[in-house]
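A.B. asks: What follows is a predicted protein model with its sequence.
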Amino acid sequence: MTRILIFLIILTVYINLNAAEILHYNSGDSSEKVKSLPISTSARTASKQVIFSVALSELQIGEILQIINEFQVTEDNNYNVGFSSLAILATSPASISGVPISEANGENITNNMHHHKRIINATYVVGESDIGDRYVNIVGYAYSNNALPGHTLTINQDYGRLSVLRFSP
């Protein structure tokens, strides 16, 4: 809640000082790109997947991107699963590597939790190397010492979306 309040204060000051143009991009309904993530036996070897992607054309230096993402995963394997995700600025909608917009954050999803809601809220200022057509991708991966081949972590369909606010001076 504090991060959102700070963002709103910064946004108000920015708009008042710069008369910014604001564009909104939304991944839309049922925009999850994968239905599940394979569970690897370690985070280091986990198969990273793009869960959401939004295209941004002709980014310019100094633009501010506010990324808000929410989605839900379900663990049906009866063991704890580590799950990590992050937002990146990438050159393609399928890219799992790029400029980090948010820190990778992870946690264990326990049997008692079963469902887990993930929220990513991050702000990014476009730099010189970021100009041009880019994509905001949400990348996720799952891991557990107990994983067996074929085990997956379910990405619940139509339980979330990716929203990007783009502030141009």
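C.D. replies: Received, thanks. Residues are numbered from 1 along each chain as shown.

A.B. asks: Where does the prediction get shaky in the protein?
C.D. replies: 1-20 (pLDDT under 70).

A.B. asks: Can you list the strands that the helix or strand hosting His24 pairs with?
C.D. replies: Element membership for His24 (DSSP states H and E) is strand 21-26. Strand pairing for strand 21-26, using DSSP bridges, gives strand 161-168 (antiparallel).

A.B. asks: List the contacts of the partner strand.
C.D. replies: The contact list for strand 161-168 (CB atoms under 8 Å, 6 or more residues apart in numbering) reads 11, 14-15, 20-29, 31, 52-54, 56, 60, 63-71, 136, 138. All C-beta spots, glycine's among them, are computed from the backbone N, C-alpha and C.

A.B. asks: 6 Å instead?
C.D. replies: 20-27, 31, 52, 54, 63-69, 136, 138 (CB atoms under 6 Å, 6 or more residues apart in numbering).

A.B. asks: Quickly list what Gln66 is bridged to.
C.D. replies: Beta-bridge partners, per DSSP bridges, of Gln66: Thr123, Leu165.

A.B. asks: Just give the number of residues close to it.
C.D. replies: Look at Gln66: counted by other CB atoms under 10 Å, it has 19 neighbours.

A.B. asks: Ok, the one 3 residues further on next?
C.D. replies: Asn69 is surrounded by 23 other residues when neighbours are defined as other CB under 10 Å.

A.B. asks: Same question for Ser95.
C.D. replies: By the criterion of other CB under 10 Å, Ser95 has 17 neighbours.

A.B. asks: same thing with Ser42?
C.D. replies: So Ser42, with other CB under 10 Å, has 11 neighbours.

A.B. asks: need the next SSE after the strand holding His24, C-terminal direction.
C.D. replies: Counting by DSSP H and E, what follows strand 21-26 is strand 36-40.

A.B. asks: which of the residues in that next one are buried?
C.D. replies: Buried residues in strand 36-40, counted by 16 or more other CB atoms under 10 Å: Ser36, Leu37, Pro38, Ile39, Ser40.

A.B. asks: of all those, which comes closest to Val126?
C.D. replies: Leu37 (29.1 Å; CB to CB).
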